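**Student:** Just need the structure, nothing else, for what follows:
(one chain, ligands or ions: 1)
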Amino acid sequence: MTAETLSIPGLAKPASRIALGTWAIGGAMWGGPDDANAARTIDQALDLGINVIDTAPVYGFGHSEEVIGRALEGKRDKVILATKVALNWQDGKVFRDSRPARIAQEIEDSLRRLRTDHIDLYQVHWPDSKTPMEETARALEKLVKDGKVHALGVSNFSPAQMDEFRKFAPLATIQPPYNLFERDIEQDVLPYAIKNNLAVLAYGPLCRGLLSGRMTADRKFEGDDLRKSDPKFQQPRFGQYLKAVEDLKAIAEKHDKSMLALAIRWVLDRGPTIALWGARKPEQISGVDEAFGWKLDDADMKAIDAILTRDISDPVGPEFMAPSLRN
Ligand code: NAP
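**Tutor:** So this is what the prediction gives:
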């Protein structure tokens, strides 16, 4: 199956509508790294026609970028490399920092770790209300002029923040949380992206594994795995989400597809989206083909909504992930 693609403004290559998300590959907050499996996962993704890799300096405090840099030696030109900027950390504590000096340092660190001379898509990871947007946007636009970056994106921005950014620099993409269980962007960010021709890089399309169809109530999370404190994974709410997944499987089966393919397909059928599928083992990403080449119709969408409303009486969003402001 050929990958479905989407054009990202400013980039020459069409992007596959499934990207490899590499937060877990960094190790931190996911129970530790496994570099051999990570390298195989990246190779597997490329073999399956995925040509977008999304990472960030903060994923494993540089480790995710380093693993990707090594894995892409000799293959860099096949890939749209998307990384991020504007988080900082001290003693393991992460905070927002989009000051021009931080950006100037981070671009050099990312280029070195990723073993490349340019970043295809450079995204502001979280808005930093302590730095004027103009300073951030102009510093980023300079990187585009210098050829170090080919297109700019933002993540976790509201429409008002995107409006402000676009006064000073062009924007190609927005990266918000979006999956069957986390749908806030339908109110504002998604219509904004459609109106302004932004590609939507949907993060957490499997809701951190909840929507894989393989999550069970007795799953144990190791070490520093963020799901130990993720409110969706705490009972009794966890049970409500798992029940919804069991019921959603009937819709997947109607199409002769897995739950996981349904979750990804749903994201792809909602707008100009790319699903950032997080994986750290090659077998996790092997089902890419199953998500392409079919569609959910209106009746499916209505049936899905009815299941979600009926089964999840106590929904909660992904807000627990938001990093602090700078002191
Ligand atoms: P996700 O894609 O919703 O879920 C990833 C997890 O699902 C995996 O770590 C794995 O968990 C499980 N999974 C994946 N494939 C599976 C399979 N075939 N079978 C069973 N389980 C499977 O969540 P995410 O990693 O949080 O988000 C995806 C990407 O979005 C990230 O990697 C990152 O690139 C980006 N992101 C961006 C932001 C932002 O602020 N911009 C925030 C979050 C994420 P186990 O390995 O534990 O089984």
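**Student:** measure Arg310 to Thr22 for me?
**Tutor:** Arg310 sits 35 Å away from Thr22, going by CB to CB, to the nearest Å. For glycine as for every other residue, the C-beta is placed from the backbone atoms N, C-alpha and C.
**Student:** A helix includes Leu81, no?
**Tutor:** No: counting by DSSP: H, G, I helix; E, B strand; the rest coil, Leu81 is not found in a helix; it is strand.
**Student:** for the spatially closest residue to it that is not a sequence neighbour, helix, strand, or coil?
**Tutor:** Sequence neighbours aside, Asp120 is the residue nearest to Leu81 in space, at 5.0 Å (criterion: CB to CB, 6 or more residues apart in numbering). In three-state terms, and counting by three-state DSSP, Asp120 is strand.
**Student:** how about the nearest residue to Met259 once chain neighbours are set aside, what does it touch?
**Tutor:** In this structure, Met259 finds its nearest non-sequential neighbour in Gly213, 2.8 Å apart by CB to CB, 6+ apart. Taking CB atoms under 8 Å, 6 or more residues apart in numbering, we find Gly213 in contact with Val245, Lys249, Ala252, Ser258, Met259, Leu260, Ala263.
**Student:** Next: Ala244.
**Tutor:** Listed by CB under 8 Å, 6+ apart, the contact set of Ala244 reads Phe181, Ile307, Leu308, Asp311, Ile312.
**Student:** Measure how buried Ser158 is and give me the count.
**Tutor:** As a burial measure, Ser158 scores 15 neighbours (other CB atoms under 10 Å).
**Student:** quick one: it from the ligand, how far?
**Tutor:** Noted for Ser158: a distance of 14 Å to the ligand, by CB to the nearest ligand atom, to the nearest Å.
**Student:** Surely that residue and Ile185 touch.
**Tutor:** No: using CB atoms under 8 Å, Ser158 is not in contact with Ile185; the gap is 10.0 Å.
**Student:** So Tyr104 sits against Ala139, correct?
**Tutor:** Quick fix: residue 104 reads Ala, not Tyr. Yes: counting by CB under 8 Å, Ala139 is a contact partner of Ala104 at 7.0 Å.
**Student:** ok so, going back, narrow the contacts of Ala244 to those in helices?
**Tutor:** Counting by DSSP state H, the part of the contacts of Ala244 found in helices is Ile307, Leu308, Asp311.
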